[in-house]
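Enquirer: coords please:
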Amino acid sequence: MDADSATNGGPAGGPAASGRIPDGSEPRDNFAAFVSARLVDDDALDVGAVAFDPDHHGDALGDGRIVTGWEIFVGDETEEELSDPEFIRLPSLSWLVDRFPQLEPLFDEHDGAEASWVADEDGALVPWHGEDA
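Expert: As a prediction, the model looks like this:
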């Protein structure tokens, strides 16, 4: 991987440079997301909230993976949980799509702008613009 790849999260000028994950140009195993430990550790839980933070997109991890800027949560985390690094896991996007298929369209289609989604009553992820529910 060259310097531009490490900075942009993918091939220089490629889809990841805009915040999107490359569709086949690099395996999704090479990209990680910040995820609630409860979602990773508890098979009974499902995604309740998702955010994309472009400020965290493209950071290199020590294992060769790239942080994508995706943040995925149950949706009822406390401030204490969110501020505790022990509460966060960094699974690959491949693992996440296998476990939570509803994430794939977000990973494939999002334009790289800061954005948030919440799960509706049917579990579908819908845009959230900061309004109270």
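
Enquirer: Grab the longest strand from the protein for me.
Expert: strand 66-73 (DSSP state E).

Enquirer: Quick check: which helices or strands does that one pack against?
Expert: strand 31-36, strand 49-52, helix 93-99 (3 or more Cβ pairs under 8 Å, 6 or more residues apart in numbering; DSSP states H and E). Yep, even glycine has a C-beta here, placed from its N, CA and C like the rest.

Enquirer: count of residues packed around Ser94?
Expert: By the criterion of other Cβ atoms under 10 Å, Ser94 has 13 neighbours.

Enquirer: swap that for Ala124, sorry
Expert: 10.

Enquirer: What of the one 5 residues further on?
Expert: Here the count is done by other Cβ under 10 Å, and His129 has 6 residues near it.

Enquirer: Ok, Val40 next?
Expert: 17.

Enquirer: Tell me who's in contact with it.
Expert: By Cβ atoms under 8 Å, 6 or more residues apart in numbering, the residues touching Val40 are 89, 91.

Enquirer: Only C-alpha atoms, please: export stretch 67-77 in PDB.
Expert: Below are the C-alpha coordinates for stretch 67-77, written out as PDB (Å, rounded to 0.1, in the frame of the first residue of the first chain):
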ATOM      1  CA  VAL A  67     -10.200   2.900   9.800                       C
ATOM      2  CA  THR A  68     -13.200   3.800   7.700                       C
ATOM      3  CA  GLY A  69     -15.000   6.400   9.700                       C
ATOM      4  CA  TRP A  70     -18.000   4.100  10.300                       C
ATOM      5  CA  GLU A  71     -19.300   4.000  13.900                       C
ATOM      6  CA  ILE A  72     -21.900   1.300  14.700                       C
ATOM      7  CA  PHE A  73     -23.800   1.000  17.900                       C
ATOM      8  CA  VAL A  74     -26.800  -0.700  19.600                       C
ATOM      9  CA  GLY A  75     -28.200   2.800  20.100                       C
ATOM     10  CA  ASP A  76     -28.700   2.800  23.900                       C
ATOM     11  CA  GLU A  77     -25.100   3.200  24.900                       C
END
